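Asks: need the 3D shape of this:
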Amino acid sequence: MRRRQAQLTPLNNNQARLSRRSFLILTGGSSLAAILVACGQGGTATEEAATAMSNGTAPTTAAGAEAVTISFWTPGGSDTFCEGFNTIAKEFQAVEPGIIVSPAQCYSGDEAFREVLLASIAAGTPPDSTILWDSPVAYAVRGALEPLDALMDVSRYSQAANWPAGVLASCQHKGQTYGLPATAGSYGIFYNRDWFDSLGIPSGRDAFPKTWDELRALSKEFTQWNGDVLEKAGFIPWSNPGDVYSMAVELAVWSALNGTQLYDEANLKYTLDSAENIEMMQYALDWWAEEYKGDLTKVRASNNWGGYEDNEARPPSLQQGNLAMLTNGFWFTGDIYSSEMTFENWDTAPFPIGPSGSKSVSGYWPNWLVIPKGSPHAVEAFKYLDYIGGEGIKTWFANIPDVPANLTVPADLVPAVVVEKRG
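Replies: Numbering: from 1, shown residues only. Predicted structure coming up:
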């Protein structure tokens, strides 16, 4: 169910969440809404609109003028995730009555969302705005997104200085910015403390395995086969075998835990065949052979070894009490309750270190906010995205604890759903 290209960061990297700064309101009394008429020939819609704003020549919305309706897509997500944007849209419309946001369109089709989005852009019928779970750079190189720098410069919340540089870099290509990294939720290992306790296994975070060898040994304490049916499992390397996309994303974290990387950005070169990556994959193969009969098909057929209901409507094994440990992102502290729980006490732990690794690392996976090329209401859409990053994210975080990346957001937010369910 969840998504995205993992960005690697050490666990002790404070990545700008610890030092919030007061935001600068640079828009004054001018409005981003209804200035598309200022976007003539010669530049992008967003660049010319921003120029008009900064020069004080952007027209304002006349009293009684008809409101502009914009669309907003997401690549998918839980019901709670998707419905939350309708709440945010209503809050936005209360402060921007001239812009109406249509109900969020949360994709759930069989084709990859990226293909559907690119097809809509090519056909000239893109949404006004969307979330991406693939890096905006992959779309920017195809000319599929509007650059946002000019509008960011005159925005209320989204100026470049209001984002951690490393996170914003995930949206930048050849000196231009093509997305807003609204969230940066970190990864960890979720585990069933009640099950640990029932087996007499220390369940505190401090006692959680620190190395792959320790995690592998612990996993065997939970795994149970009944013939060719896997009834219970400890930890399945390297991720949920029922979600190939998620496996590919989280592989970057496991590669870093073994002291390497999948791609050398500085030299624009894949490093899949490094000695450490080969060691990582052989480690997984040996683990699978020893604990899971070396048979991915049997494992997948036995159960849904994930944290969300799968496409066969099978409930997630973690919440069912059949999987002891699962890799996921911080948003899962809320999403874990999207399925019925059979136990109460869960916890999270840092990733253990591989044989060739030297430190524990994690990954963050942003929700990137972008404006597709050809958006019919690009400026109004940016106004909405700017609001989401600075204000709407508070409602978002209360429902789905995706960690806000914008530095104007207060650091003392509380994920209400976790407090209600977990304490």
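Asks: report the separation between the closest residue to residue 202 other than its chain neighbours and residue 218.
Replies: Closest residue to residue 202 apart from its sequence neighbours, by Cβ to Cβ, 6 or more residues apart in numbering: residue 196 at 7.2 Å. Where C-beta positions appear, they are placed from N, C-alpha and C, glycine not excepted. As for residue 196, its distance to residue 218 is 9 Å (criterion: Cβ to Cβ, to the nearest Å).
Asks: ok, residue 97 next?
Replies: In terms of Cβ to Cβ, residue 97 sits 56 Å off from residue 218.
Asks: more crowded one of these two?
Replies: residue 218 (20 against 11; other Cβ atoms under 10 Å).
Asks: could you pull up the contacting residues of residue 285?
Replies: Residue 285 sits next to residue 294 when contact means Cβ atoms under 8 Å, 6 or more residues apart in numbering.
Asks: ugh, wrong one, residue 136
Replies: Contacts of residue 136 (Cβ under 8 Å, 6+ apart): 145, 170-171, 173, 178-179, 368, 370.
Asks: show me where the stretch 1-150 of the chain has its strands.
Replies: Along the stretch 1-150 of the chain, the stretches classed as strands by DSSP state E, counting those that start in this stretch are 7-10, 68-70, 72-74, 99-101, 105-106, 129-132.
Asks: ditto for the stretch 201-350 of the chain
Replies: Here the stretch 201-350 of the chain has its strands, by DSSP E, counting those that start in this stretch, at 224-226, 229-232, 263-264, 269-270, 325-329, 346-349.
Asks: among the strands of the stretch 1-150 of the chain, which is nearest residue 382?
Replies: Of all these, strand 129-132 sits nearest to residue 382, with 7.7 Å by Cβ to Cβ.
Asks: and the contacts of that closest one?
Replies: 70-75, 117, 139, 179, 182, 367-372, 375, 381-382, 384-385.
Asks: tell me the domain boundaries of this structure?
Replies: With domains defined by automatic domain parsing, the chain comprises 7-185+366-422, 187-364.
Asks: what helices or strands is the helix or strand harbouring the residue nearest to residue 202 leaning on?
Replies: Assessed by DSSP states H and E, residue 196 sits inside helix 193-198. Applying 3 or more Cβ pairs under 8 Å, 6 or more residues apart in numbering; DSSP states H and E, one finds that helix 193-198 contacts no other helix or strand.
Asks: just how off-centre is it within its chain?
Replies: Here the centre of helix 193-198 is set off from its chain's centre by 29 Å, with Cα atoms, centre = their mean, to the nearest Å.
Asks: just give the closest residue to residue 404, not the sequence neighbours.
Replies: residue 393 (4.5 Å).
Asks: got it, and residue 401?
Replies: residue 415 (3.8 Å).
Asks: I'd like the domains of the chain laid out as TSV, including mean pLDDT.
Replies: Conversion of these to TSV gives the following (pLDDT from 0 to 100):
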stretch	mean pLDDT
domain 7-185+366-422	80
domain 187-364	93
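Asks: out of the strands of the stretch 1-150 of the chain, flag the one nearest residue 361.
Replies: Using Cβ to Cβ and comparing the strands of the stretch 1-150 of the chain, the one that lies nearest residue 361 is strand 7-10, at 5.4 Å.
Asks: just to revisit the earlier point, are any of the contacts of residue 136 buried, and which?
Replies: By neighbour count, with 16 or more other Cβ atoms under 10 Å, the contacts of residue 136 hold 145, 170-171, 173, 178-179, 368, 370 as buried.
Asks: now go through those and say which are in strands.
Replies: Under the assignment DSSP state E, the buried ones among the contacts of residue 136 contribute 173, 368, 370 to strands.
Asks: of those residues, which is the nearest to residue 265?
Replies: Nearest to residue 265, judged by Cβ to Cβ, of those is residue 173 at 12.3 Å.
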